[in-house]
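Engineer: structure, please.
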Amino acid sequence: MALWIIIAALGIVIDQVTKYLALEYLKPIDTVSVIDGLFSLTYVENTGAAFGMLKDHRWVFMILSTVAIIGLIIYLIISKPKSVCVRTSLGFIISGGIGNMIDRVGRGFVVDLFEFDFINFYVFNFADALICVGSALLIIYIIFSEFSQSKKNESALNAQNQQ
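Structural biologist: Residues are numbered from 1 along each chain as shown. This is a model prediction of the structure:
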């Protein structure tokens, strides 16, 4: 089985289990401090996009998310990227997209639960984290890949000029 499929499936399971636990145990109490002043678990029903942006535009996000998820899956199936980093990062992004899509379709909102108390930041969920980490990994890979390719081209040009 492809690496990205395993990563996506595992991410979806972890995301949905954490959201289920939040609904069962956190919703009735709202917030519990895990590390005082640093980190809390806070129950939030998010009707917007990642980190609560653009509230109440569920259908727009569902359409855009579906197109992005399908596009990434088609890319992975057709191009079969050799880079483990690319397959992993896209697996994270797909996993997070599907995890939040399950909530939007099934509940009409996305369950968020992780909150950093030491900064003024949105409450988020495991799927959001997967999307952010996957995107960051992909950006870093692209930057280093381009830098490496640029160095190779420069070396080849220098070798050619010395002949």
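Engineer: nearest the middle, which residue of this protein would you pick?
Structural biologist: Ranked by distance to the mean C-alpha position of the chain (C-alpha atoms, centre = their mean), the top residue is Ile131 at 1.1 Å.
Engineer: that one in helix, strand or coil?
Structural biologist: Following DSSP: H, G, I helix; E, B strand; the rest coil, Ile131 is assigned to helix.
Engineer: pretty sure it contacts Gly91?
Structural biologist: No. With contact defined as C-beta atoms under 8 Å, Ile131 does not count as touching Gly91 (11.3 Å). C-beta: built from backbone N, CA, C; applies to glycine.
Engineer: quick check: chain neighbours aside, which residue is closest to the residue nearest to the centre of the chain?
Structural biologist: Gly96 (3.7 Å; C-beta to C-beta, 6 or more residues apart in numbering).
Engineer: show me what the host helix or strand of Thr66 is packed up against.
Structural biologist: Using DSSP states H and E, Thr66 maps to helix 58-79. Contacts defined by 3 or more C-beta pairs under 8 Å, 6 or more residues apart in numbering; DSSP states H and E place helix 58-79 against helix 84-106.
Engineer: quick one: list the elements packing against the helix it packs on.
Structural biologist: helix 3-21, helix 58-79, strand 110-116, helix 126-162.
Engineer: so of those, which one's packed in deepest?
Structural biologist: strand 110-116 (a mean of 22; mean count of other C-beta atoms under 10 Å).
Engineer: gap between that one and the chain center?
Structural biologist: 14 Å (C-alpha atoms, centre = their mean, to the nearest Å).
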